[in-house]
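K.L.:
using only what follows, build the 3D model:
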Amino acid sequence: MTHSSTSEQHVDLIVIGAGSGNSLIGPEFHDKTVALLDDGRWFGGTCLNAGCIPTKMFVHVADVAAHAADAPRIGLSFTRDPVDWLAIRDRVFAKTDKISRAGFRYRDEKSPNVTVFRETFRFDGPRTLVSASGVRLSGEQIVIAAGSRPRPLEVPHDGDDPALHTSDSIMRIDALPASLTILGGGAVAVEFAHVFSALGVRVTLVARSERLLTELDHEISERFTALASEHWSLRLGAHLGGVARDGAELVVSLDGGEELRSELVLVAQGRIPNADRLGAASAGYDLEADGRLAVDHHQRALSGGEPVAGVYGLGDVSSMWELKHVANHEARIVEHNLAHPHELIGGHPGPVPSAIFSRPQIAHFGLTEEQARRSHPDAVVVVQEYRTTAYGWALEDVTSICKLVVDRETALLLGAHIVGPEASILIQPLIQAASQGLSIRGLARGQYWPHPAASEVVENALLKAEEEL
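P.N.:
This next block holds a predicted model:
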């Protein structure tokens, strides 16, 4: 139900954020009064509305277009043009907007114990929040799940220019541009570079580093950068001077004098946790050096280094992992701990996997080769190419690899890195092995692997690693 005109209210539970925080309000809280606070443009959080779900729906379209462009290699020919951008866009948001509206109606109309506040709140004390309109709330328990926001452009520019976008807005444009400049070299930047270039947009990507995706294993980053250069124009090791309008174009100025002209500019230079917008520090809560809310092993918020009973943080506002599957796991922890404050649980079920849906796709977890060499000097590192498998022959694939990092003494997986088709699927048996603490000895031989299938590249990588032990 929507909030009343009462200016001061005390409730059993305050949840700040309607993404993963909203998901923890289950049947066990039906006898509790709950205030759900969310000031996002769309109800339901970033992943549903402006993040992982809509982007992957666009990526699927881009993958189809890219496969069509690659078809001559296998004796086929397709035409991509014309691209019906509005049909592509509206298919995506007809789905996600419907879910967003339904989620709001469920909380607002069918959850009698939940009061939804669609406005901005800030802390006015450790357990008190005040809204922009003057509503004052206090709670016995509080969950801070306020997410994060795109980092703004930090060079001179006109912030009101409608052609200057972030990930929040770029997917909802009304027409496909002829040209797009993307500022950034991380996952968001390369996913959107794939989406738009595959649909025929001339994409230029500008990054400060000499490689893309520098947080990844060096070999993986180098390989991806080389492949990306075949599809997009790259400006690496570049420093921005500013962004300005010149007629129908935006001009991105680089140190050294080069000017890049395009119809649209996408700023994809990272995200900022929303703890600052809540005034969490002024209420006494600890923040990490990067602005995240500090939490302990049980997801309890910290104040002066000590956990605050009944106050929890989860998701991007507190996690070093800006990943929906991590936020969902943390929400399950918080849900349990709210209901069982004397039987707290915490922790993660194993190494955290991540996937980047670009061209090519990447999936990884655990230590890079460089990290392993420092902490495990005897680590075994093997690389298996897709083209050594029958499925790789079918794909005519000559660039994709599966790389494993294994501890020589224990034969446990320290990390895995896959570049190539269906990487996000192929990584799963390796994640399972690492999470369960399984030795790689016998892991390939102790089960059947379909032949011929893409998964054989993982099987062969495991066999090669076992031979090296």
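K.L.:
now do the SS call for the residue nearest to Ser233 when sequence neighbours are not counted.
P.N.:
Of all residues beyond its chain neighbours, the one nearest Ser233 is Thr204 (4.4 Å), with distances taken as C-beta to C-beta, 6 or more residues apart in numbering. Where C-beta positions appear, they are placed from N, C-alpha and C, glycine not excepted. Classification of Thr204 using DSSP: H, G, I helix; E, B strand; the rest coil returns strand.
K.L.:
I'd like the numbering to begin with 44 instead of 1 from here.
P.N.:
I'll keep to 44 as the first residue from here, and by that count the last item is Thr247.
K.L.:
I'd assumed Val500 was in a strand, is it?
P.N.:
No. Membership of Val500 in a strand is not supported by three-state DSSP, which gives helix.
K.L.:
helix or strand: which one has the spatially closest residue to Ala487 that is not a sequence neighbour?
P.N.:
Spatial nearest neighbour of Ala487, chain neighbours left out: Leu505 (3.9 Å); criterion: C-beta to C-beta, 6+ apart. Take DSSP states H and E as the rule and Leu505 turns out to sit in helix 499-511.
K.L.:
same check, this time on Tyr355
P.N.:
Short version: Tyr355 belongs to strand 349-356, going by DSSP H and E.
K.L.:
buried residues in that strand?
P.N.:
Applying a neighbour-count criterion of 16 or more other C-beta atoms under 10 Å, one finds 350-351, 353-356 buried in strand 349-356.
K.L.:
buried residues, stretch 253-272. List them.
P.N.:
254-256, 259-260, 262-264, 266-268, 270-271.
K.L.:
same deal with stretch 282-298?
P.N.:
Buried residues in stretch 282-298, defined by neighbour count with 16+ other C-beta under 10 Å: 283-284, 286, 292-296.
K.L.:
could I get the full set of helices for the stretch 194-343 of the chain?
P.N.:
For the stretch 194-343 of the chain, applying DSSP state H, counting those that start in this stretch gives helices covering 230-241, 261-271.
K.L.:
scratch that, the stretch 44-193 of the chain is what I was asking about
P.N.:
Counting by DSSP H, counting those that start in this stretch, one finds helices in the stretch 44-193 of the chain at the ranges 63-66, 89-93, 95-113, 128-152.
K.L.:
touching the shortest one from outside, list them.
P.N.:
For helix 63-66, contacts defined as C-beta atoms under 8 Å, 6 or more residues apart in numbering pick out 58, 79, 81, 87-88, 146, 150, 186, 188-189, 357-358, 367, 370-371, 373-374.
K.L.:
would TSV of the buried residues of stretch 282-298 with pLDDT and distance to Arg304 be doable?
P.N.:
Below are those laid out as TSV (pLDDT from 0 to 100; distance: C-beta to C-beta, whole Å):
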residue	pLDDT	distance to Arg304
Leu283	96	15
Gly284	95	14
Val286	97	11
Glu292	97	5
Leu293	98	7
Val294	97	6
Val295	98	8
Ser296	97	10
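K.L.:
tell me the one among the buried residues of stretch 253-272 nearest to Asp133.
P.N.:
Ala271 (28.8 Å; C-beta to C-beta).
K.L.:
quick one: average pLDDT of the strand holding Tyr355?
P.N.:
Mean per-residue pLDDT for strand 349-356: 98.
K.L.:
can you tell me the strand partners of that strand and which way each runs?
P.N.:
If you go by DSSP bridges, strand 349-356 pairs up with strand 179-187 (parallel), strand 343-346 (antiparallel).
K.L.:
would you list the ones you listed in TSV and tack on mean neighbour count?
P.N.:
Output for those, formatted as TSV (neighbours: other C-beta atoms under 10 Å):
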stretch	mean neighbour count
strand 179-187	22
strand 343-346	21
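K.L.:
quick check: domain ranges of this structure?
P.N.:
Using the TED database, the domain parsing of the chain gives 52-192+315-382, 207-312, 403-511.
K.L.:
my read: Glu77 touches Thr158, true?
P.N.:
Residue 77: Val, not Glu. Yes. The pair Val77 / Thr158 is scored as a contact, 7.1 Å apart, by C-beta atoms under 8 Å.
K.L.:
in contact with the residue nearest to the spatial centre of the chain, which residues?
P.N.:
Closest to where the C-alpha atoms of the chain average out (C-alpha atoms, centre = their mean) is Leu366, at 4.5 Å. Listed by C-beta under 8 Å, 6+ apart, the contact set of Leu366 reads 395, 397.
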